[in-house]
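[1] Structure of the sequence below:
(chains A and B)
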Amino acid sequence: MSQYSFNGSSLRIAKARASRLIPQPLRLLMGVFAALGLISGAILLLRGLHPGFSLIGGAIMLLVALTWIHRDLDILPAALIGTTKQLDALLPINLADRYHEPLTAPELWSLLSDTPEGRFIQNHFELDADLIAEGLAATPLDFDQIWAEAEAVSTKIGLPTLQSGAILTAVFTVSPPLTQYLTRAKLTPAELAEGARWAERVKQLTHIKRPIYGGIARDWASGFTPDLARFGTNLSLEIEAAAGNLSTRERTAQLDELVMGLDSATGSVVLIGEPGVGKSALLLGLAERLLQGTASHSLKHYQIYSLSASSIISSTTQAGDIERIVMDLLSEAGHAGNIIIALDEAQLFFGQGTGAVNLSQVLLPLIQSRSFKLVMALTPGDWQKIKATNSSMTSLLTPLVLAEPDEANVLRVLADRALYLEQGKVITTYSALREAYRLSGRYFQEESYPGRAIKLLEAALNHPDGSFISEKSVQQAIESQFGVKVQQAGSAESDILLHLEDKIHERMINQTRAVSVVANALRRARAGVANPKRPIGSFLFLGPTGVGKTELARSIAALYFNDEGSIIRLDMSEYQQIADVDRILAGAAENPEGLLPKVRQKPFSVVLFDEIEKAHPNILNLFLQLLDEGNLTDTTSHPTSFKDAIIIATSNAGSDDIRARIEAGQALEDFEADFTNSLIDSGAFRPELLNRFDEIVLFRPLNQAELGQVVKLMITEVNKTLATQKIAVALTDAAAAELVTAGYDPRLGARPMRRMVQRRVEDTIAAMILRGEAHPGDTITLDAQNLGGAPATETPPPPESPA
Amino acid sequence: MLLVAFVQWWYGPGWQDTAGRVFTRVRETYLTFSVPILIPTMFAPWRRIITYPGRSMGEKFRAVIDNLVSRAVGFVVRLFALITALLIMSGYLIFGGILLVIWPIVPLLGPALIVGGLL
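    Numbering: from 1, shown residues only, chains lettered A, B, ... in the order given. All right, here's what the predicted structure looks like:
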């Protein structure tokens, strides 16, 4: 026996169907006839003709009918949830008027998708109506379960009655094929419920009535504020012009506290929060409350003027002007009697930050006299600094700390913001909101939620995906802003990733094991499998000098960041003292060329720490945090994220051991673990540091045959340089063998080879060009006897620089 | 069934709703013309334009005169606003009152006039 029933002949349903039978054009026609009837009836009566009464009577009947339709038939409120199980009473009217029994699941979907809420959810969640209808046709549904779930969803989103969006969510929750469909679309029923809440929000907005904020005489008993209008922004007028503010609906408690603070004896409040946390939005919320006159009797119809330090400073010409202007502004506010002064970025008024002025001596007596009300907005860091230097003033302020809202609240703020941004021209999908939340958290490190997510969503407007602002739009906004890839790899890129080893081997000889380990790590990162809270990858390259460690780092930069120059290199042999810890952690003000400022400027880089074993142990301790949490905090307490960087540390430690084992015929894979243990035992590295690297990569020494291939790569590089002169160089096998013999040193690997090519090939070609013996279009083939330069027996310098 | 529904609505919720609408109009006028603000500030200086008294008797006397003028200007402007509000509110009340009184006969008025006109 079904728990819910539908009475198609109930009065509500009859009224709803009657309303639907009279479409809008017919109503308009009725209105026109009524007007004509009244006018013509009146004219006839004025001429003494009795049929005028009939025309007026007909017009009155039409007006009566229209009144009934408009005020009764069109408004048929649904019964409250829990009061009945009669669907004819429970269903929203735009669904009830077409509902009938028996009804199939696809028919229900068709009805739902034709309601405004259904269309809204379909569009904003990019739901494929045909696929959904197919899914519903495949499996029979328990309708009682749908209604019960719909009641639960409506209640959860704070609605007392059933709503079409909630019923749609319930259908997806109850139907297994649709739940699977949602999973494939990377959505959940809970997110659809948020969509139902969002649709309800739109309905509220479109039916909002312009509020009366005090009426025409509101400010007649308050003073004029011409100077404040010149130097500040009247937030209350902004709210009045926009007929309200939506941005603070989740912050009722904070608004209450703010009003209480302003209403208190001190009358001044400081809002403390990171940039983007919503300090300005809270001020707009306060402005609205004060205009409504509901917040506090003593603050009723107060207006908020936001003062900008920069606009005041830019208008001054002489010393002392700033103090005079600020005094004038504050006395004007005090005299007007209905002004709250808001100092956004208040640190600038207290000598903190670029372009700042110190007005604490001006402000202190005014705040003490309580002649006006003040709200300041500060970051926690600036609040602490001002507190340390101006304790007498800060003790007069009521602090209100604003915390970052949780994800659900941020998404709701974004949803509201999206409605303003859309302007009826585009549709912002829910996945775009979610992506804006996710990616802004990762890439907009300097700001807090919800500000950073709003900023990203606004940037995504410049990258429309057809008529949608989609997940892809948000990703493109990040990619264009930061030059990093966040979209799912395309086919061309997938091809590169899948054949990364081949691409790296185009510029590196051998080291197949090292290349394979690194390539796998990069594929994991690009596919989104790696932990996003740590660097993209972290590798410790171990091996002798000249075997390709730096070359592999360059290859990674070229292939992963599309720029071989995306390398930040630190020679750790320069960081051997304990005092060097501060050098590593220097902020931009202390050393703009330091590690952290560089990473902040270019977060998408390979960060190469050469000869890491030579660094001071305290610096190695910093690596534990860097590799674990993906960030380091500079000496001025600013965090720097390494989450978008690839960390590579190189070391020659144990290279003799590697060489000995390779020469003894062992494969790298066979002694990796044993070798790592030997490094720990010898005290070269602490186990906790080694364990934090994603991979410890061993490089084997190169033999003479491999050096021959290195020579070929080097000649290719030389030819690239000569390409502009249309000259090419080639080596005979004898010449290549001569170079290898001359440049081979088992201790230094390929390192002397570059010098050898430079001296014996490049110098020879340079001399030929200068003598006029090489012409554009020539290919110069060098044999062993043509190789000029240094003798083959030259002793190379000791191995100072690492691989 | 719909005819019964119409009658039920017209003489029940419809009548109440009309009374509510008349009241809303009056209230909106009351708020738009800031009547709750006008009355307590009726004699307040216009836009707080006031002169602070100086030390000499002449300056004090002048301040008194200036402030009286400011209050007088405020009073006149507010009085006009108040009178306008009262007139509009009265109009709504009279029109609304008549509508509410004739409301029960309006549905009957139409057919009656049609028949009357044809006779």
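[2] And the helices in chain B?
    B:2-10, B:13-32, B:35-38, B:57-102, B:106-118 (DSSP state H).
[3] Format these as CSV; extra columns: distance to A:Arg119 and mean neighbour count.
    For every residue, glycine as well, the C-beta is placed using N, CA and C. Below are those laid out as CSV (distance: least, C-beta to C-beta, whole Å; neighbours: other C-beta atoms under 10 Å in any protein chain shown):
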stretch, distance to A:Arg119, mean neighbour count
helix B:2-10, 30, 14
helix B:13-32, 30, 16
helix B:35-38, 43, 20
helix B:57-102, 39, 14
helix B:106-118, 38, 16
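[4] and residue 109, what does it touch?
    Just going to use chain A. With contact taken as C-beta atoms under 8 Å, 6 or more residues apart in numbering or on different chains, A:Trp109 is in contact with A:129, A:132-133, A:136, A:171.
[5] wait, I meant chain B there
    B:Leu109 touches A:57, A:60, B:102, counting by C-beta under 8 Å, 6+ apart.
[6] Reformat the helices of chain B as CSV; add distance to A:Phe685 and mean pLDDT.
    Formatted as CSV, these follow (distance: least, C-beta to C-beta, whole Å; pLDDT from 0 to 100):
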stretch, distance to A:Phe685, mean pLDDT
helix B:2-10, 86, 94
helix B:13-32, 76, 97
helix B:35-38, 76, 95
helix B:57-102, 83, 96
helix B:106-118, 95, 94
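[7] TSV for the contacts of B:Leu109, including distance to A:Ile13?
    Converted to TSV, the contacts of B:Leu109 look like this (distance: C-beta to C-beta, whole Å):
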residue	distance to A:Ile13
A:Gly57	32
A:Ile60	29
B:Ile102	32
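[8] ok, of those, which one's closest to A:Asn510?
    Compare each of the contacts of B:Leu109 with A:Asn510 using C-beta to C-beta and the shortest gap goes to A:Ile60, at 99.0 Å.
[9] I'd assumed that closest one was in a strand, is it?
    No. Assessed with DSSP: H, G, I helix; E, B strand; the rest coil, A:Ile60 is helix; it does not lie in a strand.
[10] Can you tell me how far the spatially closest residue to it that is not a sequence neighbour is from A:Arg27?
    Leaving aside its chain neighbours, A:Ile60 sits nearest to B:Gly110 (4.0 Å; criterion: C-beta to C-beta, 6 or more residues apart in numbering or on different chains). According to C-beta to C-beta, to the nearest Å, B:Gly110 and A:Arg27 sit 17 Å apart.
[11] cool, A:Thr781 as well?
    The gap separating A:Thr781 from A:Arg27 is 93 Å, by C-beta to C-beta.
[12] Just name whatever secondary elements the helix or strand hosting A:Lys598 is in contact with.
    For A:Lys598, the element it lies in under DSSP states H and E is helix A:595-601. Packing contacts for helix A:595-601, counted by 3 or more C-beta pairs under 8 Å, 6 or more residues apart in numbering or on different chains; DSSP states H and E, involve strand A:567-571, strand A:639-641.
[13] Outside of the last one itself, list whatever touches it.
    The reference is to strand A:639-641. With C-beta under 8 Å, 6+ apart as the criterion, strand A:639-641 contacts A:445, A:596, A:599-600, A:603, A:630-634.
[14] Relative to A:Ser637, how far out is the residue nearest to A:Ile60?
    Applying C-beta to C-beta to B:Gly110 and A:Ser637 gives a distance of 79 Å.
[15] who in the stretch 51-200 of chain A is up against chain B?
    Contact residues (C-beta under 8 Å from any C-beta of the partner chain) of the stretch 51-200 of chain A with chain B: A:51-61, A:64, A:67-68, A:71-72.
[16] Narrow the residues you listed to just the buried residues.
    A:52-61, A:64, A:67-68, A:72 (16 or more other C-beta atoms under 10 Å in any protein chain shown).
[17] now, which of the residues you listed lie within helices?
    A:52-61, A:64, A:67-68.
[18] Which one of those residues is nearest to A:Leu498?
    Nearest to A:Leu498 among those, with distances taken as C-beta to C-beta, is A:Trp68, at 69.9 Å.
[19] My read is that A:Pro687 contacts A:Ile680, right?
    Yes. Here A:Pro687 lies in contact with A:Ile680, judged by C-beta atoms under 8 Å, at a distance of 5.0 Å.
[20] Please say which of the two ends up with more neighbours.
    A:Ile680 (15 against 12; other C-beta atoms under 10 Å in any protein chain shown).
[21] who's in contact with the residue nearest to the spatial centre of chain B?
    For chain B, B:Met89 is the residue whose C-alpha lies nearest the centre (C-alpha atoms, centre = their mean; 2.9 Å). Each residue near B:Met89 by C-beta under 8 Å, 6+ apart is listed here: B:26, B:29-30.
[22] One more: A:Gly31?
    A:Gly31 sits in contact with A:62, A:66, where contact means C-beta under 8 Å, 6+ apart.
[23] what does A:Thr429 give?
    A:123-126, A:468-471.
[24] Please tabulate the contacts of A:Trp109 in TSV, including the columns secondary structure and distance to A:Val515.
    TSV is the format used below for these (DSSP: H, G, I helix; E, B strand; the rest coil; distance: C-beta to C-beta, whole Å):
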residue	secondary structure	distance to A:Val515
A:Ala129	helix	49
A:Ile132	helix	47
A:Ala133	helix	51
A:Leu136	helix	51
A:Val171	helix	51
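[25] Please produce a PyMOL select command covering the buried subset of the residues you listed.
    In PyMOL, this line selects whichever of the contacts of A:Trp109 come out buried by 16+ other C-beta under 10 Å:
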select buried, chain A and resi 132+133+136+171
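[26] Phi first, then psi, for the spatially most distant residue from the centre of chain B.
    Taking C-alpha atoms, centre = their mean as the measure, the residue most remote from the mean C-alpha position of chain B is B:Ser56, 46.4 Å away. Main-chain dihedrals, B:Ser56, degrees, to the nearest 10: phi -80, psi 160.
[27] If you count neighbours, what's buried in the lengthiest helix in chain A?
    Using DSSP H, we find that the single longest helix of chain A is helix A:24-46. Under the neighbour-count criterion of 16+ other C-beta under 10 Å, helix A:24-46 has A:27, A:30, A:34, A:37-38, A:41, A:44-45 buried.
[28] what about it, average pLDDT?
    For helix A:24-46, mean pLDDT rounds to 96.
[29] Can you show me the CA trace of it as PDB?
    Output of helix A:24-46 as PDB, limited to C-alpha atoms (Å, rounded to 0.1, in the frame of the first residue of the first chain):
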ATOM      1  CA  GLN A  24      -0.800  34.900 -20.400                       C
ATOM      2  CA  PRO A  25      -1.900  36.200 -23.800                       C
ATOM      3  CA  LEU A  26      -5.500  35.500 -23.000                       C
ATOM      4  CA  ARG A  27      -5.100  37.300 -19.600                       C
ATOM      5  CA  LEU A  28      -3.700  40.300 -21.400                       C
ATOM      6  CA  LEU A  29      -6.600  40.300 -23.800                       C
ATOM      7  CA  MET A  30      -9.100  40.100 -20.900                       C
ATOM      8  CA  GLY A  31      -7.300  43.100 -19.400                       C
ATOM      9  CA  VAL A  32      -7.500  45.100 -22.700                       C
ATOM     10  CA  PHE A  33     -11.200  44.300 -23.100                       C
ATOM     11  CA  ALA A  34     -11.900  45.300 -19.500                       C
ATOM     12  CA  ALA A  35     -10.200  48.700 -20.100                       C
ATOM     13  CA  LEU A  36     -12.000  49.200 -23.300                       C
ATOM     14  CA  GLY A  37     -15.400  48.200 -21.700                       C
ATOM     15  CA  LEU A  38     -14.900  50.700 -18.900                       C
ATOM     16  CA  ILE A  39     -13.900  53.500 -21.200                       C
ATOM     17  CA  SER A  40     -16.600  52.900 -23.900                       C
ATOM     18  CA  GLY A  41     -19.200  52.200 -21.200                       C
ATOM     19  CA  ALA A  42     -18.400  55.600 -19.600                       C
ATOM     20  CA  ILE A  43     -18.600  57.400 -22.900                       C
ATOM     21  CA  LEU A  44     -21.900  55.800 -23.700                       C
ATOM     22  CA  LEU A  45     -23.300  56.700 -20.300                       C
ATOM     23  CA  LEU A  46     -22.100  60.300 -20.700                       C
END
